[in-house]
Structures are given as structure tokens and as C-alpha cells.
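Novice: Pasting the sequence and the predicted model now:
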Amino acid sequence: MKPLRINLRGKRYTVRHCKLPRSVDGEFDADAKVLAVNERLTHRAHLDTVVHETLHACLPDAAEEAINETACDIARLLWRLGYRRCEV
């Protein structure tokens, strides 16, 4: 999947799907403005990870516990509403 460029709170970021270590779902690099998502994730884990890393970009001062809890809640809601990842 090719990188996606997005704007979040007035800043331009790149979302990349790549092979990360199996123990890592995603990473956020504020300096490089990159959200990396492990391409091996299941659809539901992918949704949670994208939301999680996006929250890091939007709320850089938020505590990790708040990011985790909020990302899980948002991902659960989107999943229940039927949002699924489409392979492009």
C-alpha cells in the first residue's frame, strides 16, 4: 500500500503501512511527521492502531493511558458502526 498524506490539526503527515516487529502495532514519529502501521495487523487491530497513532499526532501532550483508552473506545464505536478496512 502506498503512503497516504493527510492533514491533522493543520500539519501534514504521512501514513505508512510497513513491516514492523511483530510486537509493535504502530509508531508515531513527531519529528518526521510519520504514522507507521504494521501491515500484518488484522482489520480490527489496524483500525485501533490508526486511531491510536492519529491521536498521538493530534494530541501530542496527552498521556499514553488517555490515548490508549480513547483509541479503544473510538475504534470499538467505528467497528460497531460497520467501518472496515478496504484493500486498495
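Specialist: Happy to help now that I have it. Numbering: from 1, shown residues only.
Novice: what's the burial count for D61?
Specialist: Other residues within reach of D61 by the criterion other CB atoms under 10 Å amount to 5. From N, CA and C alone the C-beta is placed, and that goes for glycine too.
Novice: That one: which element?
Specialist: Following DSSP states H and E, there is no helix or strand that holds D61.
Novice: What ranges in this structure fall below the confidence cut-off?
Specialist: 87-88 (pLDDT under 70).
Novice: would you list every one of the helices in it?
Specialist: Using DSSP state H, the helices assigned to the chain run over residues 43-58, 64-80.
Novice: Could you tell me the angle between the direction of the longest one and that of helix 43-58?
Specialist: I take that to be helix 64-80. Between the direction of helix 64-80 and that of helix 43-58, the angle (axes from the mean of the first three to the mean of the last three CA atoms, to 10 degrees) works out to 130 degrees.
Novice: other SSEs contacting helix 64-80?
Specialist: Judged by 3 or more CB pairs under 8 Å, 6 or more residues apart in numbering; DSSP states H and E, helix 64-80 is in contact with helix 43-58.
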